[in-house]
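S.K.: Here is a sequence together with a model predicted from it:
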Amino acid sequence: MHLRGVVLPDDEVRDLWVHEGLVSFEPVSGAETLCTAGWIVPGLVDAHCHVGIRYGGGDETREGAIAQAVTERDAGALLLRDAGSPIDTRFVDEHQELPKIIRAGRHIARPKRYIRELGIELDDERDLPEIVAEQARFGDGWVKIVGDWIDRSVGDLRPLWSDAILKEAIDAAHANGARVTAHVFGEDALPGLIDAGIDCIEHGTGLTDETIEMMVEHGTALVPTMINIDTFPSIADSAGKFPVYAAHMRDLHRRVRQTVAAAHDAGVPIYTGTDAGGSIRHGRIADEIIALTGAGLSAHDALGAASWNARTWLDRPGIEHGAPADLVVYREDPRLAPATLSAPEYVVLRGRVYCSADPVTGHR
């Protein structure tokens, strides 16, 4: 296969060839031309995506998980960091037509301090380092812990773990070759997690100038899940028994764009994640990219956070000679025409074209 177009992020008009599922910068004899114009982007990345959690909650079936992965693929998300799943999705690896999933095992939480039956619940926090090491060996280089959640005894968000045990747990993950990320909504859990050496923060709505500075110092990444944060008002509306928590969630939502903008301006690495699964439908990576532009990222940086920069962060190649041919082709420049993000002209996964736009309407 042969493609010609503007290749991002370099903004160069180039010719690319695909042979045996790999990108070639050298001509391939007999290649069929797929396109002669357009914008060619390394396959998109959803860095917080729960394949295996049913929309509305609960474990997904194998067939349902495959359908979720297909939805992501058709949206151009060809690399998924699964930030916690109640089911083992390794069977997805058997399907060459599905995106690559980087698994983080199961969420690790405390009893009654996270979504019921979704994660591993530890009665004694002293077990955290051992369970983290176990999940590190099970996953694909990532572990997911729950950093804070509502504590009904106090009626607001509170950390789940002591600072000392977090340090032991994160050291255990690193010793087993894995990075650690944490679900964090509020302010109080962040200093202990960052000081302990955590690699990434999910959501991060409670970031302050102080903890942003700590993240920069430690090189901690942020996946803000902007479209998920838009559900905070409805969460608050359903929390009538806990007025302090409800007010807190509304305040976090109110200032989230300012918070993300401050983190970006300070130099915190930011990547896209939709939090698809549960309350967010799959296939919304375009919405998350656009949401990041509303938080102060340039259109180029927001797309990079969902493509070339995210791939580098996750140790996966972009458009390189000999790399897997995972590409998304847009009719218009997606940085100037955001609507085009939702309708790729071509999605190429491992060298095969899986969906394309109607040549007249532009809709797939």
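M.R.: Now that the structure is in, tell me what you want to look at. Numbering: from 1, shown residues only.

S.K.: so how far is the helix or strand where residue 34 lies off the chain centroid?
M.R.: According to DSSP states H and E, residue 34 maps onto strand 33-35. Strand 33-35 has its C-alpha centroid displaced from the chain centroid by 30 Å (C-alpha atoms, centre = their mean, to the nearest Å).

S.K.: I'd like the numbering to begin with 30 instead of 1 from here.
M.R.: Renumbered: residue one is now 30, and that last one reads strand 62-64.

S.K.: For that strand, buried residues please.
M.R.: For strand 62-64, the neighbour count (16 or more other C-beta atoms under 10 Å) marks 63-64 as buried. Where C-beta positions appear, they are placed from N, C-alpha and C, glycine not excepted.

S.K.: One more: stretch 206-215?
M.R.: 207-215.

S.K.: cool, stretch 369-389 as well?
M.R.: 369-380, 383-384, 386.

S.K.: of those residues, closest to residue 302?
M.R.: Residue 302 has its nearest neighbour among these in residue 370, at 15.6 Å by C-beta to C-beta.

S.K.: got the contact list for that closest one?
M.R.: 105, 314-315, 318-319, 359, 363 (C-beta atoms under 8 Å, 6 or more residues apart in numbering).

S.K.: what residues does the helix or strand where residue 173 lies touch?
M.R.: Element membership of residue 173, judged by DSSP H and E, is strand 171-175. With C-beta under 8 Å, 6+ apart as the test, strand 171-175 has contacts from 110, 112-113, 131-139, 142-143, 148, 157, 161, 164-165, 189-190, 198, 202, 207-212, 231.

S.K.: among those residues, which ones are buried?
M.R.: 110, 112-113, 131-139, 142-143, 148, 157, 161, 164-165, 189-190, 198, 202, 207-212, 231.

S.K.: Which of these fall in helices?
M.R.: Using DSSP state H, the subset of the buried ones among the contacts of strand 171-175 located in helices is 157, 161, 164-165, 198, 202.

S.K.: domains for this structure, by residue range?
M.R.: 30-72+347-388, 73-345 (the TED database).

S.K.: can you pull out the helices in the stretch 280-393 of the chain?
M.R.: Using DSSP state H, counting those that start in this stretch, the helices of the stretch 280-393 of the chain run over 285-295, 314-322, 328-334, 337-342.
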